[in-house]
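Visitor: need coordinates for the following:
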Amino acid sequence: MLRGDRLRAIREKAGMSQRELARVCGVGEVMIYRYESGITDPSTKYLTLIADKLNVSTDYLVGLSDEPSGHLKDKQMTDDERIMIDMYRREGWSGVARLSIEKMSDR
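Guide: Okay, here's the model as predicted:
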């Protein structure tokens, strides 16, 4: 279950209005209001998208972690690890496989 209070706080910290977040996530503004108010929960697809746009972990938004960046701190990840995770979030395992092939052919 989404923690609406955390969504609101992190959105405001990012300097975004409900309208702006809705626009970048491709949902109606009323849905962001409903998420923040605890009226409804986003689908996994939109929860992941919101977390990505606000640069926080889904674990933080649902209350499984008190660390906004998740269990791994950004300082613990290399640039390649960040790229791989971003690719996975955008394109899934097929994107990671393609990225791996590209990296191996660069060597």
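
Visitor: can you check which helix is longest in this structure?
Guide: What stands out as the longest helix in the chain, according to DSSP state H, is helix 79-106.

Visitor: buried stuff in that one?
Guide: 84, 87, 96, 99 (16 or more other Cβ atoms under 10 Å). (C-beta placed from N, C-alpha, C; glycine too.)

Visitor: any idea which of the residues you listed is closest to residue 23?
Guide: When the buried residues of helix 79-106 are ranked by distance to residue 23 (Cβ to Cβ), residue 87 comes first, at 24.0 Å.

Visitor: so that closest one touches residue 96, yeah?
Guide: Yes - applying Cβ atoms under 8 Å, one finds residue 87 in contact with residue 96, separated by 5.5 Å.

Visitor: overlap of the contact sets of these two?
Guide: Counting by Cβ atoms under 8 Å, 6 or more residues apart in numbering, residue 87 and residue 96 have no contacts in common.

Visitor: now residue 60: phi and psi?
Guide: Dihedral pair for residue 60: phi -70, psi -40, per degrees, to the nearest 10.

Visitor: any weak-confidence spans in the chain?
Guide: Judged by pLDDT under 70, the chain has its weakly predicted residues at 70-75, 107.

Visitor: so who does residue 29 touch?
Guide: 18-19, 22.

Visitor: now the residues you listed as JSON lines including neighbour count?
Guide: Converted to JSON lines, the contacts of residue 29 look like this (neighbours: other Cβ atoms under 10 Å):
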{"residue": "18", "neighbour count": "19"}
{"residue": "19", "neighbour count": "12"}
{"residue": "22", "neighbour count": "19"}
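
Visitor: out of those residues, which one sits closest to residue 103?
Guide: Distances from residue 103 to the contacts of residue 29, taken by Cβ to Cβ, are shortest for residue 22, at 35.6 Å.
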